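[1] Could you look at this predicted model? Sequence included:
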Amino acid sequence: MTGSGVLVPPRGPASRLTIGRLTPALVSVVLVGLLVAAPSAGAATQTFSPVADTSTRSDQPGVNFGTSVRFSAEESSPRRRAYLRFNVGIPAGSSVRRATLRLKSLSTGGPAGVALKGLATNAWNETTLTYSNAPALGSTVARTGAYQGNSWVGLNATPFVKGRGAVSMGLTTASASYHGFHSRESAADPQLVVEYDPPPPPSSSPAGALHSTTAEPFVDAAGRAVRLHGFNLTPVWSGKPSQTWTLTRYQQIRDKGFNAVRFVLKWSDFEPTLGAFDQTHLSTLDTAIARAKAAGLYVILDEIHLFGSGGFNYVPSWARIDDSVTSVRTNAAGYLKLLAGRYRSEPAVAAYDPVNEFHRWPIDQNGVLRAYDQLIREIRTVDPGKIVLVEPTYGDTSVAGDLADFSNLTDKRNVVWSIHDYFAGGDDDGYAADGSKTGVYVYGGRTGYPSPDPRELENHLKVHVDKTRAAGLPIWIGEYGIGDGVANHAQWIKDKVALFEKYGLGRGWWEYRTTSPMSATSSDGSWKPWIGLITPGATTTPPPADTAPPETSITSGPVEGGTSSSTSSRFAFSSEAGATFECRLEGASFTPCSSPKDYTGLADGPHAFEVRALDAAGNLDPTPARRTWVVDAEPSEPSPTY
């Protein structure tokens, strides 16, 4: 199966149709609002692929067609019915304006068209639904009228979509002709286009969130400075997007005295197509944040990690215009606002680091600052309170004198300056007159610290400390690190840590786990022997504890209170990211389980299934989800004897 709620923009001609380009048969469809209309002013629009779709046939009542590349409706012999279910992932609290079901036709539809009907339940399974066990369809809410083959057809599904969550619907026809459409297993899967008003942003930072001052990058609600020390790590892996680090990894970081992780994210993974946000990557990021939070770690989101030639390695191909500054300014607002909307109320997410190391040559600090100013204003429309990190060009270039004018940042509230400090001497302060680097830098893991000189390291740092203090911006060291085995490896770490401590600066080592010599852990996951050199000397305030219990939902299984002729039942269920589950049948003890959960050999009579979620912080759902049903298995007729 291919569709899993991934957000995609409307595809094909139907997303740009005008009356003048439609066939006469479709004009009436547009006039009654069945195709996707232009979004209303101020509204947001998301497009969802189905998580399940199939059809049934009366001449094959026990056959399931869930893996077919098509589904269909027909009112003759056989009678065909189509079923679809979507998980509508709009933000909680949104107000739906309009929802449109879009289908790609396989055949021409006559005047009767197809009718869209509701389903009273979401408790059906794509791979087990048949004509015999299909849930009853409700009343008709929309019809298509006539349409052409190989065209996009729209139906007004607004009555079904009330907000976030699962929604099921069905298709029938009054015609004796076959009406076929592409399923989610095809290249033109169905779409549910939802236009909605997002919930208003909070008027201030959520309780327990950190904020910044002109002197301190991270401060708690009581006004105490929270010194963040930790590691950079990649929480979502391009080749394995549904996998991430286990909770024990974050606990290992915490147990060594660290309290933060900077999550390195690849824009191209999350938005491979304009407006198409990959739900698998987002769900995995949710899980990673939940696990870091459960371990007592704050998270900083490095949202657009520029790297490689021009910084374009992880920039989606559709977004590349001129250089990285132009590309991000022009195309990244939707992605950054999506993340801001997703995590604005999560206090464990301490800050957004919207862009890692803007690439622009010749160096143009003021152009980069203006780009950040635009991005901050975009983020603030969704999240007015979260800390935002701002970096110099390439992560570490000079801001001295006229090279950088911080008045280009029009609102410095909760804004923090972040540099990536790999300087290892060889020059008085590490900068040339044009602001570029000169001297020795140890990024890459192969260069050492040939002539230790703490004075040069301090001169380098003070270029930023002096300029940003005058501008009212605090500093956090987003990256620092040196490779194993290079000259004076331990001395560089000692000199850097002493310097950061002198100026009261938190920092993030590059990187927790890589195959490069800069990894803080070995291939077996254990700490390298020198880890004590970067361990924080003092404990800091942990993020607020997660004490809220999770909610558990049963998403498919026997109909509540219904009767089933099968002695086998399958239940699917869900909860928040990172949760595990416990199940029981007939009031027995709860035991660990995973979705889907199968039961076989069920006796005739009433049955009760319960499932409860356990979140990453150890909170247990006190009100398990429950489903009751009756098994009434009809015995097969004995073979006649003669």
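    Yes, it's here.
[2] Would you mind giving both backbone torsions of Leu461?
    Phi and psi for Leu461, reported as degrees, to the nearest 10, are phi -60, psi -40.
[3] For it, give its distance to Gly445.
    Distance from Leu461 to Gly445, counting by C-beta to C-beta, to the nearest Å: 21 Å. For glycine as for every other residue, the C-beta is placed from the backbone atoms N, C-alpha and C.
[4] What of Val399?
    From Val399 to Gly445 the distance is 26 Å (C-beta to C-beta).
[5] Who has more neighbours out of these two?
    The residue with more neighbours, out of Val399 and Gly445, is Val399; 24 against 18, by other C-beta atoms under 10 Å.
[6] my guess is that one contacts Val465, does it?
    No: between Val399 and Val465 there is no contact under C-beta atoms under 8 Å: 10.5 Å.
[7] among the helices and strands of the protein, which has the poorest mean pLDDT?
    Here the helix or strand of the chain ranked lowest by mean pLDDT, DSSP states H and E is helix 24-31, holding a mean of 33.
[8] Per-residue pLDDT of Arg11, please?
    pLDDT for Arg11: 31.
[9] residues in contact with the residue nearest in space to the middle of the chain?
    Among the residues of the chain, the one closest to the centroid is Leu282, at 1.8 Å (C-alpha atoms, centre = their mean). Leu282 sits next to 270, 342 when contact means C-beta atoms under 8 Å, 6 or more residues apart in numbering.
[10] Go again with 7 Å.
    Neighbouring residues of Leu282 by C-beta atoms under 7 Å, 6 or more residues apart in numbering: Phe270.
[11] same thing with Ser283?
    Ala577.
[12] Apply 8 Å and report the result again.
    242, 577.
[13] cool, Pro474 as well?
    Pro474 is in contact with 212-217, 416-417, 468, counting by C-beta under 8 Å, 6+ apart.
[14] can you do 6 Å?
    Residues in contact with Pro474, defined by C-beta atoms under 6 Å, 6 or more residues apart in numbering, are 212, 215-217, 416.
[15] so can I have a markdown table of those showing neighbour count and secondary structure?
    Formatted as a markdown table, the contacts of Pro474 follow (neighbours: other C-beta atoms under 10 Å; DSSP: H, G, I helix; E, B strand; the rest coil):
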| residue | neighbour count | secondary structure |
| --- | --- | --- |
| Ser212 | 23 | coil |
| Ala215 | 13 | coil |
| Glu216 | 20 | coil |
| Pro217 | 29 | coil |
| Val416 | 25 | strand |
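[16] Which of those residues lies at the shortest distance from Phe277?
    Val416 (26.5 Å; C-beta to C-beta).
[17] wait, isn't that closest one in contact with Pro217?
    Yes: with contact defined as C-beta atoms under 6 Å, Val416 and Pro217 form a contacting pair (4.2 Å).
[18] Mind listing the shared neighbours of these two?
    Taking C-beta under 6 Å, 6+ apart as the criterion, Val416 and Pro217 both touch 474, 476.
[19] Which parts of the stretch 451-600 of the chain are helices?
    Remark: helices assigned in the stretch 451-600 of the chain by DSSP state H, counting those that start in this stretch are 454-471, 489-502.
[20] Switch those helices over to TSV; also include distance to Thr330.
    Output for the helices of the stretch 451-600 of the chain, formatted as TSV (distance: least, C-beta to C-beta, whole Å):
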stretch	distance to Thr330
helix 454-471	27
helix 489-502	36
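[21] Could you dump those into TSV with mean pLDDT added?
    Below are the helices of the stretch 451-600 of the chain laid out as TSV (pLDDT from 0 to 100):
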stretch	mean pLDDT
helix 454-471	96
helix 489-502	94
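[22] Same list (the ones you listed) but as CSV, adding mean neighbour count and distance to Ala432.
    CSV is the format used below for those (neighbours: other C-beta atoms under 10 Å; distance: least, C-beta to C-beta, whole Å):
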stretch, mean neighbour count, distance to Ala432
helix 454-471, 18, 12
helix 489-502, 18, 22
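[23] next one: the strand or helix carrying the residue nearest to the centre of the chain to chain centre, how far?
    Secondary structure from DSSP states H and E places Leu282 in helix 279-294. Relative to the chain's own centre, helix 279-294 is displaced by 8 Å; criterion: C-alpha atoms, centre = their mean, to the nearest Å.
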